[in-house]
Structure formats: C-alpha cells, structure tokens
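A.B. asks: have a look; sequence and predicted model below, questions after that.
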Number of protein chains: 2
Amino acid sequence: MEQLPNMRLTTQRQIILEELSKVTSHPTANEVYDMVRRRLPRIGLGTVYRNLELMADVGVILKLEVGGTQKRFDATVEPHYHVRCSSCGKVDDIDIAVQEQINQVAEKASNYKILGHHIEFSGICSDCMGKNQETDIN
Amino acid sequence: MEQLPNMRLTTQRQIILEELSKVTSHPTANEVYDMVRRRLPRIGLGTVYRNLELMADVGVILKLEVGGTQKRFDATVEPHYHVRCSSCGKVDDIDIAVQEQINQVAEKASNYKILGHHIEFSGICSDCMGKNQETDIN
DNA sequence: TAGGTATTGATAAACGTTATTAAACAGCAT
DNA sequence: ATGCTGTTTAATAACGTTTATCAATACCTA
Ligand SMILES: [Mn+2]
Ligand SMILES: [Mn+2]
Ligand SMILES: [Zn+2]
Ligand SMILES: [Zn+2]
C-alpha cells in the first residue's frame, strides 16, 4: 500500500511510532501493544497491528520476518542484519557492513529480479551463555 | 531434540521424506500433506507436522523460517541460500558461494556465540515478471 | 505370544493475525 | 456552530497455521 494523501497522523500512530523508536529490542506486535497501552490504556490490539502494518508499508518502520512464531518490528529502517538467540528468541542488530554486491551475484545465479536481501544469524546471546555455563558445569 | 535410539522408521516417515526429496519447491506442511496423501490417503495432518518437526530436529531435513505465514521444508540440508518472490511467495534456491567468513565477522561485532546464518533474498520470479510486464504495458 | 513403548489419526485447543462493524473523530463547507 | 463526508478507532469475530491431547494401533523384543 502506498502513502495516501488523506492518511491522518492520529495520536495512536504517533505514540506507536514513538514507543517503537524508544527501544532496540525488535518487539512483537503484542510487545508494542503493551508498551503503547501504558500511555493509551484504551487502545485496541487491532489498532496496533493495523498501524504497524501501515507504517511498514509506507517504509517508516521495518517488519522483520525472522525465525520464531511472531513478526517483529524495527524503527531503524537503514539496511542492517540481525541475530536471533536460539535459546531465548531475542533479536539483536548485527552491525557489520551490508553486502551490497551480493544482490547482483544472486541475480546472475537465478531467474529472479533481485530486490534486496536480509541476513539472519543464529547464535546464543550472552545472557543465555551465562545460564548455560552455570548449568553445564554439572 | 536428539535422535533417540528407539525412534522408529515408520512408513509415514519414509514416505514424507521421499516425497519431500522429490521436489525442489520448499513446500509448506500442508503441501507435503497433499503430496503424501496421494500415497497414504489416511495419514493425518498432525502426523505430517510431527514428523517434519522431528526430522528437522535430527537434521535429516531443514525447516525454513522464511517470510510469509507458513514454515517451509527442504530436503537439501547442505548450507545454501533462498529467494522469495514478493509477488507470489514462491521460494527457490540461490546457488552462490556460502559466506563462511561472515559468522566470525558477526561474532566479533556482537555478544553472541554465532552458530550460523541464512540469507533470504527478495525478488520477483520470472513467472511474475512476465505477468507484470504484460499488465504494465498499459 | 504377551507386554511395553512408540506412533498414529482424529480432534480440540492454542496462537498470531486479519476482517468486520458500529461508533467516534477530523476536516471542510455551509 | 452545524452538518456532511470519509477516516480511524475499539471491540470482537473469524481465520489459518501449528501444537497438544488421547484412545487406538503398530511395532519390538523377550
Ligand atoms: Mn534492527
Ligand atoms: Mn533450498
Ligand atoms: Zn538468549
Ligand atoms: Zn512469483
């Protein structure tokens, strides 16, 4: 969907974007809902889903389709990569250079018009590492 | 989950693996169900889910967590990358060199113990390209 | 063959997301 | 200010995918 001229900047939209911009945790729609509800207790979950979707469509935020059962959202729209902890499911940014050239390599190797790519690393976060070390002593 | 010594090789398991191995289309659980049902008409959808999960756990197949609403399965377990058509959702292999070194780069740039990575390209497949060209003439 | 475990098919339940709808709201023209 | 018109909301129902439950069945081994 495109940005329509008669799309309004409602309080709900502003606050959803503000709350998402506050964190670097790539929250799920439900987590955004919880964050926003502290400021707008009467907001509906559907409103959060609808507006996250809308903002992702116009490019104000990113919708991440990473592993796990839920979609996640990201206020950082510049291209970058992510890690997902195999143990707890947490998603963090991986700040390494974006492989711009790889799209052309992929296009040559396929029948697709390549539009972009995303790298998802899998690993164990430092928190889960600590826990495992403690229990792995046995 | 690990391969248990008392895990049986049932007809259902064999046929699910055989059917998945026949295709390169990265089918969803439901699509595998349809394929398997032609040979085992009385199999339950739960059995398909259960065994795809099990085989992915022991590493006989891959469970792909790519974009879209459904998980997909892949009998090719060697590391490789994928494209997903933004238009029709089809998933294909991208046969380019696997970036082995990138895991170490990512590990240095993060607090994670990196275990692996996956690249998902997005693009438009040749089928959808043709359709769009035809309609885009107007 | 008999007993014990693993697995199945059927079905219900859970989960995340999307669709529906009446009411509320925001801008605009009178 | 009042009414008109289209947008958005909150509440809730519906949906599609996946997982859980469980009695019946199949398999293994002694
Ligand atoms: Mn990010
Ligand atoms: Mn593949
Ligand atoms: Zn973790
Ligand atoms: Zn396509």
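C.D. replies: Done, it's in. Ligands and ions are numbered 1, 2, ... in the order given.
A.B. asks: and stretch A:112-128, what's buried?
C.D. replies: A:112-114, A:117-125, A:128 (16 or more other CB atoms under 10 Å in any protein chain shown). All C-beta spots, glycine's among them, are computed from the backbone N, C-alpha and C.
A.B. asks: backbone dihedrals for whichever residue of chain A sits closest to ligand 2, please?
C.D. replies: Closest to ligand 2 within chain A is A:S110: 12.2 Å, counting by CB to the ion. Main-chain dihedrals, A:S110, degrees, to the nearest 10: phi -150, psi 180.
A.B. asks: all helices for chain A, in order.
C.D. replies: For chain A, helices defined by DSSP state H occupy the ranges A:11-22, A:29-37, A:45-58, A:102-108, A:126-136.
A.B. asks: please report the distance of the residue of chain A closest to ligand 2 from ligand 1.
C.D. replies: Separation of A:S110 from ligand 1 (CB to the ion, to the nearest Å): 26 Å.
A.B. asks: surely that residue and B:D92 touch.
C.D. replies: Yes. If you go by CB atoms under 8 Å, A:S110 and B:D92 touch, sitting 6.7 Å apart.
A.B. asks: overlap in contacts, those two.
C.D. replies: When CB atoms under 8 Å, 6 or more residues apart in numbering or on different chains defines a contact, the residues bordering A:S110 and B:D92 alike are B:V83.
A.B. asks: residue numbers of chain A in contact with ligand 1?
C.D. replies: Within chain A, the positions adjacent to ligand 1 are A:D74, A:T76, A:D93 by CB under 5 Å from the ion.
A.B. asks: what is the neighbour count of the closest residue to the last one other than its chain neighbours?
C.D. replies: Spelled out, that is A:D93. Nearest residue to A:D93, sequence neighbours excluded (CB to CB, 6 or more residues apart in numbering or on different chains): A:H80, at 5.6 Å. A:H80 has 16 neighbouring residues, counting by other CB atoms under 10 Å in any protein chain shown.
A.B. asks: check the one 4 residues further on too.
C.D. replies: Counted with other CB under 10 Å, residues neighbouring A:R84 total 23.
A.B. asks: go on, A:L64?
C.D. replies: By the criterion of other CB under 10 Å, A:L64 has 21 neighbours.
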